[in-house]
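Below: sequence and its predicted model.
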Amino acid sequence: MADPVDAFLDLSVSLTGFSHFQLLGTGMAEVYRSTLEQVLPADVLLRVLRAAAENQPPPQILADPDLGPVARNLVLLWYCGTWTPLPDDWRERHGTCAFDTHRVISAEAYRSGLQWVAAGAHPAGAYQQGFGAWALPPDVLAPGASPLLRRSVA
């Protein structure tokens, strides 16, 4: 298998729709990879990274009873900066972990969430938008554009 960091990023790219460059730009790649290492048994982590290295399509990964819940949690990590406990049936098969709890990974993870980029918004309470910003129209994606290339609604 390729480098685990590369495999993790490949998996993240396929699940989030953002590029390697965009994901690395959040500054959270290593934190999220470490989060998976903390929560998952080594064999499940290896399987999910191998699935990415073998270019399995996201629907196939998401449909897998062992990898699907992990993939959905990885999407939540990137978009919201949160970890949600894996389903009870998953935990019965693979065991439990003290780190498998509902939590915000960090304040930086919250601020770096892809949800803000996708929505064309700022993290609530994290940055000043300026007086009267509520009166401005939102940014929208041009059809087919990268989530980082926005234009204002006029």
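Yes, it's here. Since we're looking at a predicted model, the values are computed, not measured. Numbers count the residues shown, from 1 in each chain.

ok, the most centrally placed residue in the chain - contacts?
For the chain, Trp78 is the residue whose C-alpha lies nearest the centre (Cα atoms, centre = their mean; 2.1 Å). Residues in contact with Trp78 (Cβ atoms under 8 Å, 6 or more residues apart in numbering) are 12, 15-16, 18, 23, 26, 28, 32, 113-114. C-betas here are computed from N, CA, C, even on glycine.

Identify the residues contacting stretch 9-23?
Stretch 9-23 is contacted by residues 2, 24, 29, 32, 48-49, 51-53, 55, 57-58, 61, 71, 74-75, 78-79, 114, 117, 146-148 when judged by Cβ under 8 Å, 6+ apart.

got it, and stretch 122-130?
The contact list for stretch 122-130 (Cβ under 8 Å, 6+ apart) reads 107, 110-111, 113, 116.

any idea which of these is least confident?
Within the contacts of stretch 122-130, pLDDT reaches its minimum at Trp116, with 89.

Quick one: the strands in the protein, in order.
With DSSP state E as the criterion, the chain has strands at 82-83, 103-104, 139-141, 150-152.

Would you single out the least confident of those?
Across these, the lowest-scoring stretch is strand 150-152, with a mean of 43.

Let me know whether Phe99 touches Val39 as I believe.
Yes: between Phe99 and Val39 there is a contact under Cβ atoms under 8 Å: 4.9 Å.

In terms of neighbours, single out the busier of those two.
A side-by-side neighbour count of Phe99 and Val39, using other Cβ atoms under 10 Å, places Val39 first with 20 against 14.

where does the protein have low pLDDT?
Low-confidence segments of the chain (pLDDT under 70): 1-2, 138-154.

show me where it has helices.
4-16, 20-25, 29-39, 42-53, 58-63, 67-80, 88-94, 107-111, 114-119 (DSSP state H).

Throw those helices into TSV and include distance to Ala133, thanks.
Listed next are the helices of the chain as TSV, based on distance: least, Cβ to Cβ, whole Å:
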stretch	distance to Ala133
helix 4-16	27
helix 20-25	24
helix 29-39	29
helix 42-53	39
helix 58-63	35
helix 67-80	22
helix 88-94	42
helix 107-111	17
helix 114-119	14
